[in-house]
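**Q** what's the 3D shape of this:
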Amino acid sequence: MSEQLSERQRTILRYTIGDYIASATPVGSCAISRRHQLGLSPATIRNVMADLEELGYINQPHTSAGRMPTDKGYRFFVNELLKLEEVSDSERKTIVKTLEHTQEPEELLKEASRILGKISHQLSLVSTPQISSAKFERLELFNVSSTKILVVLSVKSGIVKTIMMEVSSEVHREKLDEVSRILNERLSGLSLHQIRETFATRVKDVKDDETGIIRLLLSSKDRLFDDVLNWSHVHIGGTPEAMQQPEFEDPKNFRAFLSLVDDEELMAQVVEKRDSKPGEATVTIGQEHCEEKLRHYSIVTSVYKVGDVVGTVGIIGPKRMAYSKIIPLVDHMARTIASLLS
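**A** All right, here's what the predicted structure looks like:
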């Protein structure tokens with residue numbers, strides 16, 4: 001792709017997209033000439049912009065307007081022309097101050113989504129860790145009342161998952177300890193995914209007397225050994241800030257954005273289908289999305305890793321987002337979450 005553009009074309013494209021991101025209005029040749037002191041006349045810049053339009057990097061909403069980026073232009077900008085900014089000291093301090101004293105993991109992720117949305121002025125997503133690949137460490141059973149048992153599941157990343165189960169009658173402590181011992185022996189070293197798929201086979205010969213504990217665990221295996229913790233799956237923040245973006249002054253765009261925020265299933269898909277590695281942000285732009293609802297937006301995501309499990313931090317916003325600021329901010333938040341949860 002880089003061979004297609006001369007240095008002059010690259011420069012004009014960088015300023016066209018950069019100015020459009022800053023102003024949210026189509027950019028003309030006179031404006032570029034005036035703002036950037038390139039030593040080029042508006043007529044020369046206009047000719048270069050015409051070439052860029054012919055190549056599909058920018059377009060012109062109507063004859064008398066300036067130019068604005070296409071999806072192809074944004075992709076070239078992100079891949080070839082972008083200069084990432086450092087996360088500012090004040091932003092780093094705000095993030096740490098907000099999160100470091102948060103005791104509960106769920107609350108930490110919720111606060112992370114809120115502060116990320118506030119800083120970025122975009123819609124932010126933070127998912128709970130997906131633990132299907134995590135290695136089982138220990139399962140413990142506790143009496144909570146005569147009709148309730150607490151199941152505490154630990155995985156080797158240090159994450160603990162709990163669920164409450166109803167029993168028909170009180171189960172003695174000795175029986176709970178016996179069932180825990182048997183399960184810990186048989187499930188040791190397996191991933192939660194493996195356990196979920198083979199649990200019935202692994203416990204089929206265990207005597208299940210009148211307590212029915214094994215039957216109860218078997219009926220709850222999908223809930224106990226599923227992919228996510230028993231926290232909210234995706235925390236969404238920044239909705240009020242994102243609504244202030246100029247794109248959403250149009251009622252049609254505003255309604256579409258609200259529909260996007262309310263689509264919990266789609267929000268879950270956004271964070272589940274990310275292929276990025278820790279420390280490597282992924283950027284998906286416009287028509288690159290398979291889902292029609294997302295094709296007017298860009299998504300920047302980065303995964304965070306806690307032991308052997310991962311979650312996702314992401315930002316959704318108009319394609320005209322400040323990529324130079326958003327990409328390092330998402331990466332920094334992912335690293336911060338990983339550090340605080342580890």
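
**Q** Tell me where the stretch 151-300 of the chain has helices.
**A** Listed in chain order, the helices of the stretch 151-300 of the chain (DSSP state H, counting those that start in this stretch) span 173-187, 192-203, 213-219, 221-224, 239-242, 251-262, 264-272.

**Q** elements contacting the first one?
**A** For helix 173-187, the contact count by 3 or more Cβ pairs under 8 Å, 6 or more residues apart in numbering; DSSP states H and E identifies strand 136-145, helix 192-203, helix 213-219 as packing neighbours. Placement of C-beta: from N, CA and C, glycine included.

**Q** So for residue 29, which of those sits nearest?
**A** Nearest of the helices and strands packed on helix 173-187 to residue 29, taken as Cβ to Cβ: helix 192-203 at 56.8 Å.

**Q** pLDDT below threshold where in the stretch 151-300 of the chain?
**A** Across the stretch 151-300 of the chain, the ranges flagged by pLDDT under 70 are 157-158, 208-211, 227-232, 273-279.

**Q** rewinding a little: could I get the helices of the stretch 151-300 of the chain as CSV with distance to residue 151 and mean neighbour count?
**A** CSV is the format used below for the helices of the stretch 151-300 of the chain (distance: least, Cβ to Cβ, whole Å; neighbours: other Cβ atoms under 10 Å):
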stretch, distance to residue 151, mean neighbour count
helix 173-187, 9, 15
helix 192-203, 13, 16
helix 213-219, 8, 17
helix 221-224, 6, 15
helix 239-242, 35, 16
helix 251-262, 33, 14
helix 264-272, 24, 16
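
**Q** Go through the helices and strands packed on helix 173-187 and name the closest to residue 57.
**A** Residue 57 lies closest to helix 192-203 among these, at 43.8 Å (Cβ to Cβ).

**Q** same for the closest one, what does it pack against?
**A** helix 173-187, helix 213-219, helix 221-224.

**Q** so what's residue 285 up against?
**A** Applying Cβ atoms under 8 Å, 6 or more residues apart in numbering, we find residue 285 in contact with 71, 74-75, 78, 298, 319.

**Q** Who is residue 311 paired with across the strands?
**A** residue 304 (DSSP bridges).

**Q** And the pLDDT for it?
**A** pLDDT recorded at residue 311 is 88.

**Q** Confirm for me that it is in contact with residue 126.
**A** Yes. Counting by Cβ atoms under 8 Å, residue 311 sits close enough to residue 126 to count as a contact (7.1 Å).

**Q** Distance of the residue nearest to residue 225 when sequence neighbours are not counted relative to residue 309?
**A** Computed as Cβ to Cβ, 6 or more residues apart in numbering, the closest residue to residue 225 that is not its neighbour in sequence is residue 196, at 4.0 Å. Using Cβ to Cβ, to the nearest Å, residue 196 is found at 15 Å from residue 309.
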